[in-house]
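>>> Pasted the sequence and its predicted model underneath.
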Amino acid sequence: MISEIIGYILISIGLLFNFFGVLGLVRLPDVYNRLQAATKCVTFGTAGILAGVFVMKGYGVMGLKPIICIIFILLTAPVSAHVISRAAHRAKIKLTDETIIDKYEEDKELRK
Amino acid sequence: MKLKTKSRIVVFILSFITYFTITQIGRFDWQELIVGVIISLITSVIAGDILIVIQRKFKISRIFYTILYIFRLFVEIFKANIHVAYLVIHPKLPIKPGIVKIKTGLKSDSGLTMLANSITLTPGTMTVDINKEKGELYIHWIDVKTSDVDKATELIGGRFEKIIKEIFE
């Protein structure tokens, strides 16, 4: 009973942060800022939902799979964000006008 | 040669545990177990030699630092989410984005990967590229506080670099 309540609370928190991530995806100006919102909030939100499932189901057929999924998400989401942002910069997608510094562009010659 | 064999054995055990956890908990079936052993063997033969590349001594302090790292990572992830949620809800979007450069003293591949991943999951920062030879990371910062290399290193990398150095080097 208590584990169900805690599970539902965790799932609600996860859904809330997933919602913030999607809101950030719509509101923030350019690719890089959107990736930030998408990576952080969606990683945490999805991990929260999976942790809620784990708390509700306990150790069992359903219980341990969410833990493995959390580990995989925590390991892979940052890598995919890194790869997408790097590819976007190489494809010369412009940063938003509010950008105040771009060291990556300045060091372009040094990289090769 | 010795190290590669060791690495393959570790990969075999890890992939078999993963397979076992996904399929076998709660029921037991010889057929699936044998398939799991075969698949783990194939995985460890094809891609098993890249997990461990440096021979290191076992230290008890490493376990302590790993626990500290996981704890700190979760605290930082939570802070990052509050930060992004605040930015997104705020009607004026108070962002000041930019790409800065930080320095790192880490040398090993796994250490650099963990540092880059940790930076991506912490508040307001995301790794864009790594220059391994010079030990430099390019960080997209959603709220740039300083463009100076040393200060940015202190602010962004300082939280994790010492712990990761203890774990991976």
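The structure has been received and is ready for your questions.
>>> So A:Ser80, which state does it fall into?
Under the three-state scheme (DSSP: H, G, I helix; E, B strand; the rest coil), A:Ser80 adopts helix.
>>> got it, and the one 5 residues further on?
Counting by three-state DSSP, the backbone at A:Ser85 sits in helix.
>>> Over to the one 10 residues further on?
Secondary structure assignment for A:Leu95 (three-state DSSP): coil.
>>> Verify the contact between it and A:Asp30 for me.
Yes. Using C-beta atoms under 8 Å, A:Leu95 makes contact with A:Asp30 at a distance of 5.6 Å. (C-beta placed from N, C-alpha, C; glycine too.)
>>> any shared contact partners between the two?
Shared contacts of A:Leu95 and A:Asp30 (C-beta atoms under 8 Å, 6 or more residues apart in numbering or on different chains): B:Pro97.
>>> neighbour-wise, which of those two wins?
Between A:Leu95 and A:Asp30, A:Leu95 has the larger neighbour count (other C-beta atoms under 10 Å in any protein chain shown), namely 22 against 17.
>>> list the contacts for the more buried one?
Under the criterion of C-beta under 8 Å, 6+ apart, the neighbours of A:Leu95 are A:30, A:32, A:102, B:97-99.
>>> on contacts alone, who are the packing partners of the helix or strand hosting B:Phe160?
In the assignment (DSSP states H and E), B:Phe160 maps to helix B:158-168. Under the contact criterion of 3 or more C-beta pairs under 8 Å, 6 or more residues apart in numbering or on different chains; DSSP states H and E, helix B:158-168 touches helix B:60-89, helix B:109-121.
>>> hang on, the earlier thing: narrow the contacts of A:Leu95 to just the buried residues.
The neighbour-count test (16 or more other C-beta atoms under 10 Å in any protein chain shown) marks A:30, A:32, A:102, B:97-99 as buried among the contacts of A:Leu95.
>>> Helices - which of those residues land there?
Those of these mapping onto helices are A:Tyr32, per DSSP state H.
>>> Quick one: neighbours of residue 106, just the number.
No chain specified, so I'll use chain A. 11.
>>> Not quite, go with chain B.
Using other C-beta under 10 Å, B:Leu106 has 22 other residues around it.
>>> just the buried ones among the contacts of A:Leu95: which has the poorest pLDDT?
Taking the buried ones among the contacts of A:Leu95 together, the minimum pLDDT is found at A:Asp102 (73).
>>> what's next to stretch B:86-103, contact-wise?
Contacts of stretch B:86-103 (C-beta under 8 Å, 6+ apart): A:20, A:23-24, A:27-30, A:32-33, A:37, A:95-96, A:98-105, A:107, B:128, B:135-144, B:146-147, B:149-150, B:152-153, B:156-157.
>>> buried subset of those residues?
Applying 16+ other C-beta under 10 Å to those flags A:20, A:23-24, A:27-28, A:30, A:32-33, A:37, A:95, A:99, A:101-104, A:107, B:128, B:136-142, B:144, B:152-153, B:156-157 as buried.
>>> Mind checking which of those are in helices?
Among those, DSSP H puts A:20, A:23-24, A:27, A:32-33, A:37, A:103-104, B:152 in helices.
>>> quick one: which of the residues you listed is nearest to A:Thr76?
A:Ala37 (17.7 Å; C-beta to C-beta).
>>> residues touching A:Ala81, list them.
Contacts of A:Ala81 by C-beta under 8 Å, 6+ apart are A:35-36, A:38-39, B:120, B:126.
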